[in-house]
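K.L.:
Mind looking at a prediction? Sequence and model below.
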2 protein chains.
Amino acid sequence: MSQPPLFKPDLKLDLVLERVVDAPRELLWTAYTKPEHVRQWFTPKPWIITDCEIDLRPGGLFRTRMQSPDGKQVNDRRCCYLDIVPNERLVWTDALLPGYRPSGDPLITAVVSFQPEGKATRYTATAIHRDEATRNNHEEMGFYDGWGTVLDQLAQYVKTI
Amino acid sequence: MSQPPLFKPDLKLDLVLERVVDAPRELLWTAYTKPEHVRQWFTPKPWIITDCEIDLRPGGLFRTRMQSPDGKQVNDRRCCYLDIVPNERLVWTDALLPGYRPSGDPLITAVVSFQPEGKATRYTATAIHRDEATRNNHEEMGFYDGWGTVLDQLAQYVKTI
């Protein structure tokens, strides 16, 4: 059963990217929740995703192993799904590992929501941080560029599936 | 719908307290999930709980403000519920605040399960840690004494409700 969302973005602590994407939300949901799709668009090119594992249930694993073009830099992220409302909302965090085990030094909880807008979808990605310093650092690291670029890639990719 | 649990205790990382309590699990569940009950038994006496807030849904607040008898020491813990299976399993963590916001320096995710055993209940509390150092420190801080004492208090308390 869909519950009202528990998070209200706090703009001092959170970062929000919102855009209308010209695709039905069911398609965006599929692209977000199947490893073979996620691998194609979820990191800004020319980085690539070499591994993706998805156990789509609360407490389940969301892993993406990202790699620079020369293979020298690797970002192997193991996150935990928290809230899953098909076609509507997906929430995961790096504050927990699968099975809800606490991790060290978390960056974010991510909330991605898909709302129908005619035949298109209003896409909202919210990055929730523990404090202002973490939020500001994430913004400086390039949150808007990074999430904006992968959203462009997602919008292009779903035209092919 | 009840899912199979995602956590398997890892004895290098986790602490487990298991005991049969002479009370039906529905009663233990009630005592664990209503603030007016939790206040009566959830901290080892002579400490008291001066405030308890419960928003019993995934992402909801589980707050307990504990206070020493002289009122000089206070432990105000704000945790986040993760998994709620009525009468069966309750999971919360201090790695997240309500609304799934990451917190700083988490200690545990707690999993409490209640399994019927005749008219009694097999009670299992598992404290899940991020690493061995945190686990060992928690054991030295008195996990078994603390959780054992509150379980004694719970068993006594439910006879009165």
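P.N.:
Received, thanks. Worth saying up front: this structure is predicted, and the values here are computed from it rather than measured.

K.L.:
Give me the residues contacting stretch A:32-49.
P.N.:
Applying Cβ atoms under 8 Å, 6 or more residues apart in numbering or on different chains, the external contacts of stretch A:32-49 come out as A:30-31, A:52-54, A:56, A:64-69, A:90, A:112, A:145-146, A:149-150, A:153-154, A:156-157, A:161. No exception for glycine: its C-beta is placed from N, CA and C like everyone else's.

K.L.:
rerun that using 6 Å as the cut-off
P.N.:
Applying Cβ atoms under 6 Å, 6 or more residues apart in numbering or on different chains, the external contacts of stretch A:32-49 come out as A:31, A:52, A:54, A:56, A:64, A:66-69, A:146, A:149-150, A:153-154, A:157.

K.L.:
nearest to B:P116, of these?
P.N.:
Lowest distance from B:P116 to those (Cβ to Cβ) belongs to A:L56, with 30.5 Å.

K.L.:
Just give the closest residue to that closest one, not the sequence neighbours.
P.N.:
The shortest distance from A:L56 to any non-neighbouring residue, by Cβ to Cβ, 6 or more residues apart in numbering or on different chains, is to A:T33 (5.6 Å).

K.L.:
do you know how far that neighbour is from B:F143?
P.N.:
Counting by Cβ to Cβ, to the nearest Å, the separation of A:T33 from B:F143 is 37 Å.

K.L.:
Looking at chain A, which helix is longest?
P.N.:
Taking DSSP state H as the criterion, chain A has its longest helix at helix A:143-157.

K.L.:
how about it: buried residues?
P.N.:
For helix A:143-157, the neighbour count (16 or more other Cβ atoms under 10 Å in any protein chain shown) marks A:F143, A:W147, A:V150, A:L151, A:Q153, A:L154, A:A155, A:Y157 as buried.

K.L.:
For chain A, just list every one of the strands.
P.N.:
A:14-21, A:48-54, A:61-67, A:74-85, A:89-93, A:96-97, A:101-102, A:109-117, A:120-128 (DSSP state E).

K.L.:
Let's have the ones you listed in CSV, adding mean pLDDT and mean neighbour count.
P.N.:
Output for these, formatted as CSV (pLDDT from 0 to 100; neighbours: other Cβ atoms under 10 Å in any protein chain shown):
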stretch, mean pLDDT, mean neighbour count
strand A:14-21, 97, 16
strand A:48-54, 97, 16
strand A:61-67, 97, 19
strand A:74-85, 96, 18
strand A:89-93, 97, 23
strand A:96-97, 96, 25
strand A:101-102, 96, 24
strand A:109-117, 97, 20
strand A:120-128, 97, 20
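
K.L.:
Tell me which of those approaches B:L15 most closely.
P.N.:
strand A:101-102 (13.0 Å).

K.L.:
Return the residues of chain A in contact with chain B.
P.N.:
Within chain A, the residues that sit near chain B (Cβ under 6 Å from any Cβ of the partner chain) are A:6-7, A:59, A:82, A:95-96, A:99-104, A:106, A:109, A:128, A:130.
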